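Asks: This is the structure alone, sequence omitted:
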């Protein structure tokens, strides 16, 4: 059965992604400048051990919740979105979209049986559908898959990329910004053997939880993902992961 165009548009705009005015590109430029200043003159060492320690911290949690904000360039436009991300072992996921428009309240769930279900926001909240794991509707502006953006999967991905030739390093010293103290991970390599890709991850030095994930291509910052209000939640109801 053909999926209604309105639902396709809604889910492509997952996590309330919506076109921003061109002046918002300035936010990427400002953040890139600030990040480059923070790492200027800092020394880095092999980061695999630190990534492993982060992964161990995350894996101790039977469940957790965090708020996410994404700002990124997609098809020459700047898109932004906000969502709350729920995770419960072994691999159950729920995203709840927050926006000021028709997408507000849209939900995507990975159920205990591995099936991915989605429902619309607003007047479309009763319209539900099943998605394939690699559906383009799950592709975020930062290049990652929304349903596979739990913290353990992201960190395990860093380890795999290092094994495939990417350089993963961590700052030898912590840096401070706006009252927070971070360790900084940098991941460098080439994408499809063409574009140089740098990912810079700011990690809370105390909790070892990521708070910001930046993606650069050929020297330009193309996306920022922020992780806020991380809370262990082993008590998450199974009902949250059914749709």
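Replies: Nice, I can see it. All figures in this text were calculated on a predicted structure; none of them were measured in a lab.
Asks: For the chain, which residues score under the pLDDT cut-off?
Replies: Across the chain, the ranges flagged by pLDDT under 70 are 1-24, 100-102, 123, 191-194.
Asks: Show me what the helix ranked longest in it packs onto, helices and strands only.
Replies: Counting by DSSP state H, the longest helix found in the chain is helix 25-39. Secondary-structure packing of helix 25-39 (3 or more CB pairs under 8 Å, 6 or more residues apart in numbering; DSSP states H and E): strand 63-74, strand 175-177, strand 180-191, strand 210-217, strand 220-232. Quick note: C-beta positions are derived from backbone N, CA and C, even for glycine.
Asks: In the sheet, which strands lie alongside the helix or strand just after the first one, parallel or antiparallel?
Replies: This points to strand 63-74. Per DSSP states H and E, the first helix or strand lying C-terminal to strand 63-74 is strand 77-88. With DSSP bridges as the test, strand 77-88 is paired with strand 18-19 (antiparallel), strand 63-74 (antiparallel), strand 92-98 (antiparallel).
Asks: Using JSON lines, lay out the ones you listed together with distance to residue 213 and mean neighbour count.
Replies: Formatted as JSON lines, those follow (distance: least, CB to CB, whole Å; neighbours: other CB atoms under 10 Å):
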{"stretch": "strand 18-19", "distance to residue 213": "20", "mean neighbour count": "14"}
{"stretch": "strand 63-74", "distance to residue 213": "9", "mean neighbour count": "20"}
{"stretch": "strand 92-98", "distance to residue 213": "16", "mean neighbour count": "21"}
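Asks: can you tell me which of those comes nearest to residue 41?
Replies: strand 63-74 (26.9 Å; CB to CB).
Asks: which residues sit in contact with residue 67?
Replies: Taking CB atoms under 8 Å, 6 or more residues apart in numbering as the criterion, residue 67 is in contact with 82-85, 227-229.
Asks: What's opposite it in the beta bridge?
Replies: Here residue 67, judged by DSSP bridges, has bridge partners residue 84, residue 228.
Asks: which parts of the longest helix of the chain are buried?
Replies: Across helix 25-39, burial judged by 16 or more other CB atoms under 10 Å covers 28, 32, 35, 38.
Asks: possible to save these as JSON lines with distance to residue 160?
Replies: Output for the buried residues of helix 25-39, formatted as JSON lines (distance: CB to CB, whole Å):
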{"residue": "28", "distance to residue 160": "27"}
{"residue": "32", "distance to residue 160": "26"}
{"residue": "35", "distance to residue 160": "24"}
{"residue": "38", "distance to residue 160": "27"}
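Asks: Could you work out the most separated pair of the residues you listed?
Replies: 28 and 38 (15.7 Å).
Asks: about what we covered before: include distance to residue 93 when you put the helices and strands packed on helix 25-39 into JSON lines, please.
Replies: Listed next are the helices and strands packed on helix 25-39 as JSON lines, based on distance: least, CB to CB, whole Å:
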{"stretch": "strand 63-74", "distance to residue 93": "11"}
{"stretch": "strand 175-177", "distance to residue 93": "30"}
{"stretch": "strand 180-191", "distance to residue 93": "23"}
{"stretch": "strand 210-217", "distance to residue 93": "17"}
{"stretch": "strand 220-232", "distance to residue 93": "15"}
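Asks: for these, which one sits closest to residue 44?
Replies: Nearest of the helices and strands packed on helix 25-39 (CB to CB): strand 180-191, 6.4 Å.
Asks: Leaving out the residues flanking it, which one is nearest to residue 214?
Replies: The shortest distance from residue 214 to any non-neighbouring residue, by CB to CB, 6 or more residues apart in numbering, is to residue 200 (4.5 Å).
Asks: Is that neighbour bridged to anything, and to what?
Replies: residue 186, residue 214.
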